[in-house]
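Q: Sharing a model that was predicted from the sequence below.
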Amino acid sequence: MVDLVTESDTVGDYSVPHGLLYLSALDHFDGVRRKPAKNAALDKLHDELAAFSGIVTCLAEKRPSPEIQEVEVPYVMDLDDGVMVNSAALWELVAPLWKEPKKWWEILSKPVGKKDYDWSHLAMRYWPARVFEKVKKDPSLAVAHSDYGAYKGQDLFEELHPKAAQKWREQEGKKGGRREGELEF
């Protein structure tokens, strides 16, 4: 089996320790610097790196935005969520180059009407109570969030929507089980 290195691996294992190492090196140079003109430029670089390192550390340890999340958990990329949702949580890191993730994060964190991303695992991870209320009402969300996170090993579709699950089983029975071309795992 291939071991994929994800963004969260990079954030937790590489960026944070190395960012702190760079800050330590810059702090060391504070004592070495002598020319005032160079101090201002180095101070600016030091401050930029400190801010960036703070964002990366926060992502690795407890958030994208702990102040608006129901639960405080570190960022974990989920390939099922796609580029939009995964980049939305990283909007602070990509903001100078890419503006859309901030808009997506706002929609993700404060859904209005039918425009939301509550189907995503990221939404369930950061706003479980809000998403679970929708899962109770929407069978498709129950399918999306079954056997995931706090509901690992649970079939939310079967538990919360037994009539819809029964209807699904009956329809699958009429089709004769597996579809043509479908692989068995």
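A: Sure thing, it's come through.

Q: Spatially, which residue comes closest to Pro111, not counting chain neighbours?
A: Leaving aside its sequence neighbours, Pro111 sits nearest to Asp118 (CB to CB, 6 or more residues apart in numbering; 6.3 Å). All C-beta spots, glycine's among them, are computed from the backbone N, C-alpha and C.

Q: In this protein, where's the longest helix?
A: helix 36-61 (DSSP state H).

Q: Just the buried positions in that helix, please.
A: Leu42, His46, Leu49, Phe52, Ser53, Ile55, Val56, Thr57, Cys58, Leu59, Ala60 (16 or more other CB atoms under 10 Å).

Q: try stretch 81-89
A: Asp81, Val85, Asn86, Ser87, Ala88, Ala89.

Q: Excluding its own residues, what touches that stretch? List them.
A: 7, 59, 64, 75, 77-78, 94, 98, 100-102, 104-105, 107-108, 117, 120-123 (CB atoms under 8 Å, 6 or more residues apart in numbering).

Q: make it 6 Å
A: Pro64, Tyr75, Met77, Pro101, Trp104, Trp105, Leu108, Tyr117, Ser120, His121, Leu122 (CB atoms under 6 Å, 6 or more residues apart in numbering).

Q: same check, this time on stretch 110-124
A: Against stretch 110-124 from outside (CB under 6 Å, 6+ apart): Asp78, Asp81, Val85, Leu108, Val131, Lys134, Ala144, His145, Tyr148, Gly149.

Q: and Trp168, how many residues sit next to it?
A: 15 (other CB atoms under 10 Å).

Q: quick one: it and Leu156, what's the gap?
A: 13 Å (CB to CB, to the nearest Å).

Q: got it, and Leu45?
A: 49 Å.

Q: rewinding a little: mind putting the contacts of stretch 81-89 into JSON lines with distance to Ser140, neighbour count and secondary structure?
A: Shown next, in JSON lines, are the contacts of stretch 81-89 (distance: CB to CB, whole Å; neighbours: other CB atoms under 10 Å; DSSP: H, G, I helix; E, B strand; the rest coil):
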{"residue": "Pro64", "distance to Ser140": "25", "neighbour count": "23", "secondary structure": "coil"}
{"residue": "Tyr75", "distance to Ser140": "26", "neighbour count": "23", "secondary structure": "coil"}
{"residue": "Met77", "distance to Ser140": "23", "neighbour count": "19", "secondary structure": "coil"}
{"residue": "Pro101", "distance to Ser140": "25", "neighbour count": "23", "secondary structure": "helix"}
{"residue": "Trp104", "distance to Ser140": "21", "neighbour count": "18", "secondary structure": "helix"}
{"residue": "Trp105", "distance to Ser140": "23", "neighbour count": "22", "secondary structure": "helix"}
{"residue": "Leu108", "distance to Ser140": "18", "neighbour count": "24", "secondary structure": "helix"}
{"residue": "Tyr117", "distance to Ser140": "14", "neighbour count": "19", "secondary structure": "coil"}
{"residue": "Ser120", "distance to Ser140": "13", "neighbour count": "23", "secondary structure": "coil"}
{"residue": "His121", "distance to Ser140": "14", "neighbour count": "20", "secondary structure": "helix"}
{"residue": "Leu122", "distance to Ser140": "17", "neighbour count": "24", "secondary structure": "helix"}
